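**Q** Got a predicted model here, sequence first, then my questions.
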Amino acid sequence: MANNSKIEWTEATWNPVTGCSKVSLGCKFCYAERFAKRLQQMGNKRYKNGFKVTFHSDLIEQPKRWRKPSIVFVNSMSDLFHEKIPTDFIISIFKTMNNCYWHQFQILTKRSKRLTEIAPLVKWTPNIWAGVTVESQAYTSRIVDLQKVPAKIKFISFEPLLSSINNLNLKKIDWVIVGGESGPDARPMNVEWADKIRIQCERAKIPFFFKQWGGTQKWKTGRRLNGKVYNQMPVFLRPLELFNF
């Protein structure tokens, strides 16, 4: 578990799978790939395969040992619905999430078609959030797929936001994240693109989280959109409310 995650919208990360492959424009300068290769060079045994899809079966039940309730980003260094991850392995990860009622688990994918295929095979307890990444107008079909998933909380991450998103369909969506790309080759994000999404969220009364402007030195560009920090989160029930303990 990575406590005190540097990802602004979560608290911890859990990686029973590491490694991925590129599927769309947002993957071009993948932060996870850079990080994985750096860890490989440092001799980290979890990343001996670099960014190739690698299974860590010994970590499947890891969250059961974390007693402090946390918001946990699942597979921050991979994609849970990657085509190389067996369905049975995904189901076992879901069973851990089902059992760890005191945590909130955030799943984010670009592989929305496989998400819809797996969704009927697993139990969506209220502590499991489903999300898709939509980096440009060309990938808004992922939102349609997400809307079919029976998760209690469904969210969209527009990061890295690479274009304006028009006629955004926010039906059944509970949370929206917007962020610019970071790293040495970061592509710029236009302020109008981010603000257009914010306005649509405001009209639909959907919590809006502005993660970052990004760039080569994201700590300099900051997190303010039009002079304001947006840290809105979806409403979720605490363990005592969920299970009446």
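**A** Happy to help now that I have it. Numbering: from 1, shown residues only.
**Q** Let me know the secondary structure of the residue most central in space within the chain.
**A** Per C-alpha atoms, centre = their mean, the C-alpha nearest to the average position across the chain is that of Leu108, at 3.3 Å. Secondary structure, DSSP: H, G, I helix; E, B strand; the rest coil: Leu108 is strand.
**Q** and the residue nearest to it when sequence neighbours are not counted, which of the three is it?
**A** Closest residue to Leu108 apart from its sequence neighbours, by C-beta to C-beta, 6 or more residues apart in numbering: Gly131 at 4.3 Å. From N, CA and C alone the C-beta is placed, and that goes for glycine too. Put simply, Gly131 is strand when judged by three-state DSSP.
**Q** shaky segments in the protein?
**A** By pLDDT under 70, the weakly predicted segments of the chain are 1-4, 238-245.
**Q** quick one, strands of it?
**A** Under the criterion DSSP state E, the chain contains strands at 2-3, 12-14, 17-18, 54-55, 71-74, 104-109, 128-133, 153-158, 175-179, 208-212, 224-225, 228-229.
**Q** Dump these to TSV, plus distance to Tyr47.
**A** What follows is the strands of the chain, written out as TSV (distance: least, C-beta to C-beta, whole Å):
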stretch	distance to Tyr47
strand 2-3	14
strand 12-14	14
strand 17-18	6
strand 54-55	8
strand 71-74	18
strand 104-109	20
strand 128-133	22
strand 153-158	24
strand 175-179	24
strand 208-212	25
strand 224-225	34
strand 228-229	33
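**Q** now for the ones you listed, which one comes closest to Glu117?
**A** Checking those against Glu117 by C-beta to C-beta gives strand 104-109 as the closest, at 11.7 Å.
**Q** okay but the residue nearest to Leu108 is in contact with Glu159, surely?
**A** No: in this structure Gly131 lies outside contact range of Glu159 using C-beta atoms under 8 Å: 10.8 Å.
**Q** So for these two, which residue has more residues nearby?
**A** Gly131 (26 against 23; other C-beta atoms under 10 Å).
**Q** tell me the contacts of that one?
**A** Gln106, Ile107, Leu108, Thr109, Leu146, Lys154, Phe155, Ile156, Ser157, Trp175 (C-beta atoms under 8 Å, 6 or more residues apart in numbering).
**Q** between those, which is nearest Asn49?
**A** Nearest member of the contacts of Gly131 to Asn49, counting by C-beta to C-beta, is Thr109, at 20.9 Å.
**Q** which residues does that closest one bridge with?
**A** Bridge pairing for Thr109 (DSSP bridges) gives the partners Val132.
**Q** what about it, neighbour count?
**A** Count around Thr109 with other C-beta under 10 Å applied: 25.
**Q** Please look at it and Phe81 and confirm they touch.
**A** Yes: using C-beta under 8 Å, Thr109 is in contact with Phe81, at 4.7 Å.
**Q** if I look at these two, which residues touch both of them?
**A** Leu115.
**Q** would you list every one of the helices in the chain?
**A** Under the criterion DSSP state H, the chain contains helices at 31-41, 87-99, 112-118, 141-146, 191-204, 218-221, 239-243.
**Q** Present those helices as a markdown table; the columns should include distance to Ser76 and mean neighbour count.
**A** Below are the helices of the chain laid out as a markdown table (distance: least, C-beta to C-beta, whole Å; neighbours: other C-beta atoms under 10 Å):
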| stretch | distance to Ser76 | mean neighbour count |
| --- | --- | --- |
| helix 31-41 | 7 | 16 |
| helix 87-99 | 14 | 16 |
| helix 112-118 | 17 | 18 |
| helix 141-146 | 19 | 18 |
| helix 191-204 | 22 | 16 |
| helix 218-221 | 17 | 13 |
| helix 239-243 | 23 | 12 |
